[in-house]
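Trainee: Quick one: sequence and predicted model below, then my questions.
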Amino acid sequence: MAMRLFLVYVLAELAVVVGLASTIGIGWTFLILVGTFALGLAVAGSQIKRQVRLLQSGLTSPQGAVTDGALVALGVVLTVIPGLVTSVLGLLLLAPPTRVLARPAVAALAARGLGRMPLIVTTATGPRRARPGDYIDGEVVDVTDTERPGLPPTFGRPPAP
């Protein structure tokens with residue numbers, strides 16, 4: 001699945017770059033690629049700062065802040081991935097008006113993904129820890145060596161005196 005998705009990504013990016021280069025030229029295409037990347041990073045930085053300020057100032061609607069944060073993170077990732085298509089999609093996700101439009105789609109995808117998660121039930125019967133009143137009965141043995149251990153014998157040489 002991931003390999004197919006990567007192949008679709010590469011083919012889409014290649015088709016756009018080849019089409020754009022044949023229409024306006026290689027130099028202008030390169031400038032557009034670099035420009036969308038730089039613009040994406042600039043917008044990403046401002047939107048990340050805005051999201052952090054919103055989270056620090058107290059939330060009026062936590063659901064909107066969570067989905068906006070996820071969309072900003074996805075937009076940053078898409079702008080950093082090389083290519084014109086991903087940079088444009090990332091810029092669209094970083095723009096607040098388009099995030100409002102994308103929010104229901106993200107919520108639907110998250111709900112669909114949560115519906116497929118398996119339910120895992122565990123019991124609380126782990127190893128028992130010692131409580132402050134518990135004690136362990138044992139015996140301390142003091143060991144003293146009477147002679148120093150020697151080095152292991154070497155092959156081909158006589159032992160040292």
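Mentor: Alright, I've got the coordinates.
Trainee: rest of the way, CA atoms for contacts and neighbours
Mentor: Noted.
Trainee: what's residue 71 in contact with, if anything?
Mentor: Contacts for residue 71 were tallied using Cα atoms under 8 Å, 6 or more residues apart in numbering; they are 93, 94, 99, 103.
Trainee: next one: residue 2
Mentor: Taking Cα under 8 Å, 6+ apart as the criterion, residue 2 is in contact with no other residue.
Trainee: Residue 41 and residue 77 touch, don't they?
Mentor: No. Here residue 41 does not reach residue 77: they are 9.8 Å apart, not a contact under Cα atoms under 8 Å.
Trainee: show me where pLDDT drops low in the protein?
Mentor: Within the chain, the segments meeting pLDDT under 70 span 58-64, 114-117, 119-131, 133-136, 145, 148-161.
Trainee: Give the other helices and strands that the lengthiest helix in it contacts.
Mentor: Longest helix in the chain by number of residues, with DSSP state H as the criterion: helix 26-57. Counting contacts by 3 or more Cα pairs under 8 Å, 6 or more residues apart in numbering; DSSP states H and E, helix 26-57 packs against helix 2-24, helix 62-80, helix 84-94.
Trainee: which among the contacts of residue 71 gets closest to residue 8?
Mentor: Using Cα to Cα, residue 93 comes nearest to residue 8 of the contacts of residue 71, at 20.2 Å.
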